[in-house]
Every structure is written in structure tokens, then in C-alpha cells.
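J.: mind folding the following:
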Amino acid sequence: MRSNSMEQIVVATLNSERPLNAAKDTTYLYFLDTDLNLIRSTLGHTDNPNFRLGKGMDIDKDDNIVVTGAQHSPGGSTRDARNLQGVVKFDREGRYLWTSYISNSINNVSGWGKWHSIVESVEQDGYVIAGAESYQTPSEDTIISRASIAKLSYDGDSLWMHTYSYREGPRLQEAFHDIAATSDGGYIAVGSSAHYDAVDESLLPWIRTIILKVDKDGLLDTTLVSVLDIDSQENNLSIYPNPVIGDHLYITQSLDQDLRIAVYNTQGQLMDNYRSDNAQHTIILDVADYDPGMYIVTATNDRGHKYSRKFVVE
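T.: As a prediction, this is how the structure comes out:
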């Protein structure tokens, strides 16, 4: 629910048939006055999109309405079902304009990949969305969702998408649940990192609050950058800040390779390990419990080549 410039209350809602039929799911709108009297409804519009409404909604400077959700497309079985996560846009009168599917979600069977929040961009040239990218094996023995931020144009074109990992492991669900623009032209996203392994107590706490601040392009502040060279100057992995003054080290690769990232202390003890499989992914390493001193980051590609770089925790 949001208010537009005409002081109307706009409510996005879902029409779902019984028995459940995903092909008949449609998203439509109610327009109410401030006394909650119905002005109009788009329920009867024949072009309402086949879209399962999510939780994100915004009204832009021109009173256009955007909502997040997914198109649920059942296949031959439940396992083959897919959830195509995206954004639907309506004009100020509630007429359907377009649907845009934004995601790199892999095997989004259980619907872990979702866009939870949407805001108009600070540059007023599109929308920024926050949620999660599904990363689930076909056997479903590992469920992973990565916290994600993306931007699309006013016409629904994908402009960029970045994913973030706070922890690594099986049955890990990380997602941003809300995003807001900041006065300096960036964004703050908040969410959670949940690990559903009740056996391994080393993973405690099983649920952590996550908060991230990025610039207008969805990137972290890289003022202080240390570069780990891989093959050439064009192929590198950035670690920052170095030395680490606070609680977090940020690791971002600028190439599209499947890299295994490991962190060791100077005695050779493994401290953390992650996987980074594309150039838009950032690992956020919690070093709050690291002792002050020097550590080594290694990156191993799919050819077995290994490269290393040092960083210091103060």
C-alpha cells in the first residue's frame, strides 16, 4: 500500500483461483480515498498480468506503480516448478504496462529467490530492488539464497545486479528484506542470514541481521583496495579495506570465474572459505573474532591455479 500525489491510497493485491491454478494468478489494484472509500478497482481489466504478488511496492514521481513478485510456472511435477522473480509496472490509472524478470536464480523451485523491496532510484532513472538470488542444487539437498540488489530502468531493462555472501555452507538462506535511499545518493539494505543446520553449533548464531550500504551503482566503498592478481592485470580480486580496521573485509572479483576463496592465518590454519562464481558477487568476511595480525587470502580457479594475497587485521 502506498499513497500517490493525488492523495489516493493505492493497494496492490492478488487474485488467485480455487482450486489453486498458478496460470490464473493475477495482480491488480484498488484506489481508495483518504476515508477508504473505493474510487476504482482494476480487478476486471483483461490485461492484468499473470503474476504472484510479493511484498515490495512503490509509486514513482509520475505516479506509476511498481510491485515485486513472481510468475509461478508449474512444470511436470513440483520439483520442476519455477518462480520467475520480477517486477510489474502499472500507470497512474492502474493500466498494466510491463513485467520484467530480473534474476540469475538457479533452480528456484522453493521460491527462495524473491525481490522483497523496491524504491525509485536516487537518480530518478529507474528502480532499485532488494531481495535474494536462489542458488539451489537440482537434488534440493542444498538450499542457498544470496542477498541481492539490482537496478532496472523505467522501461524494465536490467541495468545491474550484485549479490553478497555473509557466510558459506549448505542450507544457507541470505536475503535483503528492505531497501531505502540515503541522502548521499546511495542505498541501505537490511535483511538476514539464516543457516538451517541445527547440528553444527559452530555456525551459531543461526540467524544474523545483515545491513549493507552501497553507492548509486550498488557498489561498496572501495576507497581502500588491495588487489589480488589472477593471470593478468585485467583479472583480479579486490580485498578492502587493508588493513582491516573494523569488523569486515570485503572480497570482490572483477572476472567471471568460479573461484574457491580461502582465508588462512600465518600458522596455516583455515579461518574461512567461500565460493565466488561471478564478477558481480561480493563476499563480506566477518573478522570480528580474528586476532590482530596478518592473514592470507587464496583464490583457486577451476584449472587449479592458486594465487594469494596478504591482509592485516588491526
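J.: what does A22 show for phi and psi?
T.: With angles defined as degrees, to the nearest 10, A22 sits at phi -60, psi -30.
J.: all numbers from here: first residue = 52
T.: With the count now opening at 52, the last piece we talked about shows up as A73.
J.: so it sits right up against R103, yeah?
T.: Yes: judged on CB atoms under 8 Å, A73 makes contact with R103 at a distance of 7.2 Å. For the C-beta atoms, the positions are set from N, CA and C on the backbone; glycine is no exception.
J.: higher neighbour count, these two?
T.: Using other CB atoms under 10 Å as the criterion, A73 and R103 rank with R103 on top: 19 against 16.
J.: ok, the more buried one to H213 distance?
T.: According to CB to CB, to the nearest Å, R103 and H213 sit 25 Å apart.
J.: same question, N66
T.: Taking CB to CB, one finds N66 at 34 Å from H213.
J.: those two - which one has more neighbours?
T.: Neighbour count, other CB under 10 Å: between N66 and H213, H213 has more, with 23 against 12.
J.: what's in contact with the host helix or strand of the more buried one?
T.: Under the criterion of DSSP states H and E, H213 resides in strand 209-216. With contact meaning CB atoms under 8 Å, 6 or more residues apart in numbering, strand 209-216 is reached by 151, 153-155, 177, 184, 197-204, 225, 263, 265, 268-270, 325, 327, 329, 331-335.
J.: and if you look at stretch 294-305?
T.: 271, 273, 281, 285-293, 310, 312, 325, 327, 329-330, 332-339, 348, 350, 362-365.
J.: would you mark the buried spots in that stretch?
T.: By neighbour count with 16 or more other CB atoms under 10 Å, stretch 294-305 contains the buried residues 295, 299-304.
J.: and what of stretch 170-180?
T.: 170-173, 177-180.
J.: just stretch 59-71 next, same as before
T.: 59-61, 63-64.
J.: can I get those residues in CSV with secondary structure, distance to T78 and pLDDT?
T.: Shown next, in CSV, are the buried residues of stretch 59-71 (DSSP: H, G, I helix; E, B strand; the rest coil; distance: CB to CB, whole Å; pLDDT from 0 to 100):
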residue, secondary structure, distance to T78, pLDDT
Q59, coil, 18, 96
I60, strand, 17, 97
V61, strand, 12, 97
A63, strand, 6, 96
T64, strand, 7, 95
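J.: and which of the residues you listed is nearest G344?
T.: A63 (52.4 Å; CB to CB).
J.: middle-most residue in the protein, spatially?
T.: Residue closest to the mean C-alpha point of the chain, counted by CA atoms, centre = their mean, is S199 at 1.5 Å.
J.: same question for the helix or strand containing that one, mean pLDDT?
T.: Secondary structure from DSSP H and E places S199 in strand 194-204. In this model, strand 194-204 has an average pLDDT of 91.
J.: do the same with stretch 309-319
T.: The model assigns stretch 309-319 a mean pLDDT of 87.
J.: what about stretch 171-179, distance to the chain center?
T.: 17 Å (CA atoms, centre = their mean, to the nearest Å).
J.: hmm, who's touching it?
T.: In contact with stretch 171-179 (CB under 8 Å, 6+ apart) are residues 109, 111-112, 117, 138, 169-170, 200-205, 210, 230, 232-233, 236-238, 267, 269.
J.: can you pull out the strands in the stretch 252-365 of the chain?
T.: For the stretch 252-365 of the chain, the strands defined by DSSP state E, counting those that start in this stretch occupy 258-265, 277-281, 283-291, 299-304, 310-316, 321-327, 332-337, 344-351, 357-364.
J.: and those, which one is worst for confidence?
T.: strand 277-281 (a mean of 48).
J.: which one of the buried residues of stretch 170-180 is nearest H123?
T.: I180 (18.4 Å).
J.: and the closest one, what element?
T.: Following DSSP H and E, one finds I180 within strand 177-187.
J.: between strand 209-216 and that strand, find me the angle.
T.: 50 degrees (axes from the mean of the first three to the mean of the last three CA atoms, to 10 degrees).
J.: using PDB, write out every CA atom in strand 177-187.
T.: What follows is strand 177-187, C-alpha atoms only, in PDB (Å, rounded to 0.1, in the frame of the first residue of the first chain):
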ATOM      1  CA  GLY A 177      14.600   3.700 -12.800                       C
ATOM      2  CA  TYR A 178      14.100   1.400  -9.700                       C
ATOM      3  CA  VAL A 179      16.300  -0.400  -7.300                       C
ATOM      4  CA  ILE A 180      15.200  -3.700  -5.900                       C
ATOM      5  CA  ALA A 181      16.500  -5.800  -3.000                       C
ATOM      6  CA  GLY A 182      15.900  -9.400  -2.100                       C
ATOM      7  CA  ALA A 183      17.600 -12.700  -2.800                       C
ATOM      8  CA  GLU A 184      19.000 -14.800  -5.700                       C
ATOM      9  CA  SER A 185      18.200 -18.500  -5.400                       C
ATOM     10  CA  TYR A 186      21.100 -20.900  -5.700                       C
ATOM     11  CA  GLN A 187      19.700 -24.400  -5.300                       C
END
